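S.K.: model this:
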Amino acid sequence: MPRIQLATLGFAMLALLLFAKVAEAERPFIVDSADSLLLRKAQLETYVIANDEFVDHSLFFNMGLTDWLEFSFGARHGIQFAAVQETYRLNAPLLELKGSVMRPRGWRPGLALVSGVRPPWGVGEARPRGFGGYVYASVTERMYFDIFALHLNLGINMQGEGKGVPADRALVDWLTGGVALDVRAHERVAVIAEFAYRDPYDPRANRRMNVQGGIRIFINDWTELDFGLGGGFDRDIPALELRSGRAIFGTAGFRFRDTYRW
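M.R.: Numbering: from 1, shown residues only. Down below sits the predicted model:
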């Protein structure tokens, strides 16, 4: 290939990467990013998680209270399939505050602090046994013209079992955390892979670990679609075996982000 064509191709690829959209770690992916909504910005997100034993649907509304503080509230409901009959379950509401300590810029990582509460309200298996909550730090590091982004979460997740604070609980039963990598593969597509431990949105996380991979499609500046495939593993629950198929789940999400300050 002539040098002029090689140079043209190189400049075109560089321009594509420089002007492509930046992906953020958001649901249905568990690991959170350090990004938050600005003042009077809003976002609506909905997603489905399903396998051959259940279908769960979640709906969340997020708003920027200030340029550094974001408030979110939402609900999760679904159907548990059983041999005899189907059962409905509901967990609502989930309330969350996310404070941006430092936004990612260039090689400087971003840092956010997130806290949430899960009241013991709901129906069926999804209803928490007692008040639960979580607090964790989220760090985001963007690299190489924002093509790559690494997200790290670490904190505490109190399940809320309705028995007070257990004194004999091991450290691994308090922690929540995860790591995710998203790669901007195209101007409109990002590839995301993650590992998460004790999902803070799950009122009965136990020692459950999740591995998930998928893609995010940017339809335009305010609409995004997510598709993923993952597996859940819990060493304390033998039924969650990969071979049984019960651990495998699929996800699909839709996100609408307001581009104007209301």
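
S.K.: Show me what the host helix or strand of Tyr88 is packed up against.
M.R.: Element membership of Tyr88, judged by DSSP states H and E, is strand 87-102. Judged by 3 or more Cβ pairs under 8 Å, 6 or more residues apart in numbering; DSSP states H and E, strand 87-102 is in contact with strand 69-80, strand 110-118, strand 122-123. (C-beta placed from N, C-alpha, C; glycine too.)

S.K.: in it, what's buried?
M.R.: Using 16 or more other Cβ atoms under 10 Å as the test for burial, strand 87-102 gives Arg89, Asn91, Ala92, Pro93, Leu94, Glu96, Leu97, Lys98, Ser100.

S.K.: Isn't the first one up against Phe81?
M.R.: No - in this structure, Arg89 is not within contact of Phe81 by Cβ atoms under 8 Å, at 11.5 Å.

S.K.: May I see the helices and strands packed on strand 87-102 arranged in TSV, with mean pLDDT, mean neighbour count and distance to Arg142 as well?
M.R.: TSV is the format used below for the helices and strands packed on strand 87-102 (pLDDT from 0 to 100; neighbours: other Cβ atoms under 10 Å; distance: least, Cβ to Cβ, whole Å):
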stretch	mean pLDDT	mean neighbour count	distance to Arg142
strand 69-80	94	18	19
strand 110-118	96	20	8
strand 122-123	90	16	37
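
S.K.: Nearest to Phe256, out of those?
M.R.: Phe256 lies closest to strand 69-80 among these, at 13.9 Å (Cβ to Cβ).

S.K.: ok, residues contacting the closest one?
M.R.: Residues from elsewhere that reach strand 69-80 (Cβ atoms under 8 Å, 6 or more residues apart in numbering): 36-37, 49, 53-65, 86-100, 116, 123-126, 201.

S.K.: Let's see that with 6 Å instead.
M.R.: Contacts of strand 69-80 with the rest of the structure, by Cβ atoms under 6 Å, 6 or more residues apart in numbering, involve 36-37, 54-60, 62-65, 86-99.

S.K.: centre of the chain versus stretch 110-128, how much separation?
M.R.: Chain-centre distance of stretch 110-128: 13 Å, with Cα atoms, centre = their mean, to the nearest Å.

S.K.: Let me know the secondary structure of Leu37.
M.R.: At Leu37, secondary structure determined by DSSP: H, G, I helix; E, B strand; the rest coil is coil.

S.K.: how many other residues sit next to the closest residue to it other than its chain neighbours?
M.R.: Leaving aside its chain neighbours, Leu37 sits nearest to Gly64 (3.6 Å; criterion: Cβ to Cβ, 6 or more residues apart in numbering). Using other Cβ atoms under 10 Å, Gly64 has 22 neighbouring residues.
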